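Asker: Sequence and predicted structure are below.
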Amino acid sequence: MDNEFTIDEQPVPFKPGQTILEAAKAAGIYIPHLCFQADFKRHGGCKMCTVLVNGRTQTACTHKAAVGQEVDVNTPELDAMRRSLVQMLFVEGNHFCPGCEKSGACQLQALGYEYEMMSPHFVELYPSRGVDASHPDVLIDFNRCILCELCVRASRDVDGKEVFAVAGRGLDAHLIINSPTGKLVDSAFAVTDRAAEVCPVGAILKKGVGFATAIGDRPYDRESISAEAESCEIPEVR
Amino acid sequence: MSAAPDKVKVRLATTSLAGCFGCHMSFLDIDERLFELVEVAEFDRSPLTDIKHCGPCDIALVEGGVCNADNVHVVRELRANAKILVAVGACAINGGLPALRNRFDIQDILTRVYRDPVTDHPCVPNSPELPLPLDKVYPLNEIVRVDYSLPGCPPSGDAIWKFLTDLILGRMPRLERSLLHYD
């Protein structure tokens, strides 16, 4: 059949040029992801969307769908790998869910629930990172940044401001702010920017609205992250 | 879950280390199921029995991370005596909110907290009865081997009941999605 491939042995149609993740979303099939946003440039950084394409691992957000491909998404091995990825992201930063405003609306936490993460398993790194509360409307807690670069892409490609960038390599990689002082308040950033909306974790937070929705009533308190298969939108916290 | 009169009961130990006793309060939230529990289980060392030292037991539920020398002794004693040790709650699993101090130097914290406002000299308490704080707050699995983790801050009474009954019945403990929370 033309323009069709399979996901877990189910036939899935695609349009030429679509990635596996886009075709899966259009067909209502969930493939987990953290650094993907439909209208942004592909990043392929978080590796949560790793699937097997004809037996080889590929990131579904960057790999184009092709006729006759056999894609495996839900296998015990891939799920275990995704759980390990979430665990590594947890120990690499300071992720204390009980004290986080984003709890219940956080995609990293939701993926922990999705893959039955009972503990972070690895040795905690407890990095020493700061908080930038200089901006009147938005707070940045670097302790929770997972370097997905969604804010980098939003600010550069949508807002046209280039407020954020990732500096350093490996364990030294960290989010930096483009301003003379390095503080958010002195940058071109505004609360109306797309970059203020895209953070999948509790690193970029709007001030004054953190607990407008009670803990327990938030999106991932009510249903699992895989239930939003057909939508690319990050659920609203407010 | 009714037991024959001569049936050996499961021995259960519980303790709170660098925690807030919230997980123990949540444990009491199993409410009248406590009566079902004591039909098949009896308590060894626990705040509920006030037994100070643990004997051989089947299951140890440990709340809180490890923040001082006393915590280390307690959790090692539990590990030596328990067949199954469960890290209960966020603090036991990743240090939790007490671990927010890990980014600071312990000496700096003590001298700042205990600075005398009049003389401006630090007067850090130094009684031999006080356990020495550790440089950091550690999750349980960095001090002893942990068999299972039960996340939540605190895990709900229902989650604790599900986990505990699975363990007592010899099943692999699992929490369905509605009982699995990190907050």
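Answerer: Thanks, I have the structure now.

Asker: which helices and strands sit right next to the helix-or-strand element of chain A with minimal mean pLDDT?
Answerer: In chain A, the helix or strand scored least confidently by mean pLDDT, DSSP states H and E is helix A:219-222, which has a mean of 93. Using 3 or more CB pairs under 8 Å, 6 or more residues apart in numbering or on different chains; DSSP states H and E as the contact test, the elements touching helix A:219-222 are helix A:107-114. From N, CA and C alone the C-beta is placed, and that goes for glycine too.

Asker: May I have the strands that pair with the helix or strand that the helix it packs on is followed by, each with its orientation?
Answerer: As assigned by DSSP states H and E, the chain's next helix or strand after helix A:107-114 is strand A:131-132. Paired neighbours of strand A:131-132 in the sheet (DSSP bridges): strand A:138-141 (antiparallel).

Asker: so what does the helix or strand following the strand it pairs with touch, helix or strand wise?
Answerer: Heading C-terminal from strand A:138-141, the first helix or strand you meet, by DSSP H and E, is helix A:150-153. For helix A:150-153, the elements it packs on are strand A:164-167, judged by 3+ CB pairs under 8 Å, 6+ apart.

Asker: quick one, what contacts the most centrally placed residue in chain B?
Answerer: Nearest to the mean C-alpha position of chain B, counting by CA atoms, centre = their mean, stands residue B:63 at 1.7 Å. Contacts for residue B:63 (CB atoms under 8 Å, 6 or more residues apart in numbering or on different chains) come out as B:14-17, B:19, B:21-24, B:88-89, B:91-92, B:154.

Asker: Export those to JSON lines and append columns for secondary structure.
Answerer: Formatted as JSON lines, the contacts of residue B:63 follow (DSSP: H, G, I helix; E, B strand; the rest coil):
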{"residue": "B:14", "secondary structure": "strand"}
{"residue": "B:15", "secondary structure": "strand"}
{"residue": "B:16", "secondary structure": "strand"}
{"residue": "B:17", "secondary structure": "coil"}
{"residue": "B:19", "secondary structure": "coil"}
{"residue": "B:21", "secondary structure": "coil"}
{"residue": "B:22", "secondary structure": "helix"}
{"residue": "B:23", "secondary structure": "helix"}
{"residue": "B:24", "secondary structure": "helix"}
{"residue": "B:88", "secondary structure": "strand"}
{"residue": "B:89", "secondary structure": "coil"}
{"residue": "B:91", "secondary structure": "helix"}
{"residue": "B:92", "secondary structure": "helix"}
{"residue": "B:154", "secondary structure": "coil"}
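
Asker: ok, and of those, which contact chain A?
Answerer: When CB under 8 Å from any CB of the partner chain is applied, no member of those is adjacent to chain A.

Asker: Drop anything exposed from those.
Answerer: Buried members of these, counted by 16 or more other CB atoms under 10 Å in any protein chain shown: B:14-17, B:19, B:22-24, B:88-89, B:91-92, B:154.

Asker: so where's the chain shaky on pLDDT?
Answerer: Using chain A here. A:1, A:229-238 (pLDDT under 70).

Asker: That was the other one, I meant chain B.
Answerer: B:1-6.

Asker: hey, where'd the strands end up in it?
Answerer: Along chain B, the segments classed as strands by DSSP state E run B:10-16, B:41-43, B:57-63, B:66-68, B:82-88, B:133-138, B:148-150.

Asker: so of these, which one's packed in deepest?
Answerer: Highest mean neighbour count among the strands of chain B (mean count of other CB atoms under 10 Å in any protein chain shown): strand B:57-63, with a mean of 26.

Asker: got the angle for it vs strand B:82-88?
Answerer: Counting by axes from the mean of the first three to the mean of the last three CA atoms, to 10 degrees, strand B:57-63 lies at 20 degrees to strand B:82-88.

Asker: strands paired with strand B:57-63, and their directions?
Answerer: Sheet pairing for strand B:57-63, using DSSP bridges, gives strand B:10-16 (parallel), strand B:82-88 (parallel).

Asker: These into a markdown table, with extra columns for distance to residue A:2?
Answerer: Compiled in a markdown table, these are given as follows (distance: least, CB to CB, whole Å):
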| stretch | distance to residue A:2 |
| --- | --- |
| strand B:10-16 | 62 |
| strand B:82-88 | 54 |
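
Asker: out of those strands, nearest to residue A:199?
Answerer: strand B:82-88 (29.4 Å; CB to CB).

Asker: Give me the contacts around the closest one.
Answerer: The contact list for strand B:82-88 (CB under 8 Å, 6+ apart) reads A:119, B:13, B:23, B:54, B:57-63, B:78-79, B:93, B:139-141, B:144-150, B:154-155, B:160, B:163, B:167.

Asker: Let's see that with 6 Å instead.
Answerer: B:23, B:57-61, B:63, B:79, B:93, B:140, B:146-150 (CB atoms under 6 Å, 6 or more residues apart in numbering or on different chains).

Asker: Quick test: name the residue nearest the centre of chain A.
Answerer: residue A:34 (2.1 Å).

Asker: Who are the contact partners of it?
Answerer: Counting by CB under 6 Å, 6+ apart, residue A:34 has contacts A:46, A:48, A:107, A:148, A:200.

Asker: Three-state assignment for the first one, please.
Answerer: For residue A:46, the reduced secondary structure class is coil; criterion used: three-state DSSP.

Asker: so how far is chain B from it?
Answerer: Look at residue A:46 and chain B: by CB to the nearest CB, to the nearest Å, they are 19 Å apart.

Asker: Test my guess that that residue contacts residue A:35.
Answerer: Yes. Assessed by CB atoms under 6 Å, residue A:46 is found in contact with residue A:35 at 4.1 Å.

Asker: which residues do the two both contact?
Answerer: residue A:148.

Asker: Same drill for those two, tell me which one is more crowded.
Answerer: Per other CB atoms under 10 Å in any protein chain shown, whichever of residue A:46 and residue A:35 has more neighbours is residue A:46, with 26 against 23.

Asker: Skip the chain neighbours and tell me the closest residue to residue 111.
Answerer: Because you didn't say which chain, this covers chain A. Computed as CB to CB, 6 or more residues apart in numbering or on different chains, the closest residue to residue A:111 that is not its neighbour in sequence is residue A:86, at 5.1 Å.

Asker: if you could check chain B rather than the one you did, that'd help
Answerer: residue B:122 (4.0 Å).

Asker: ok, now residue A:184?
Answerer: Distances taken as CB to CB, 6+ apart place residue A:135 nearest to residue A:184, at 4.2 Å, with adjacent residues excluded.

Asker: Please report the distance of that neighbour from residue A:179.
Answerer: Using CB to CB, to the nearest Å, one gets 10 Å for the distance from residue A:135 to residue A:179.

Asker: Looking at those two, which is more packed in?
Answerer: Neighbour totals were compared for residue A:135 and residue A:179, and residue A:135 leads with 20 against 15 (other CB under 10 Å).
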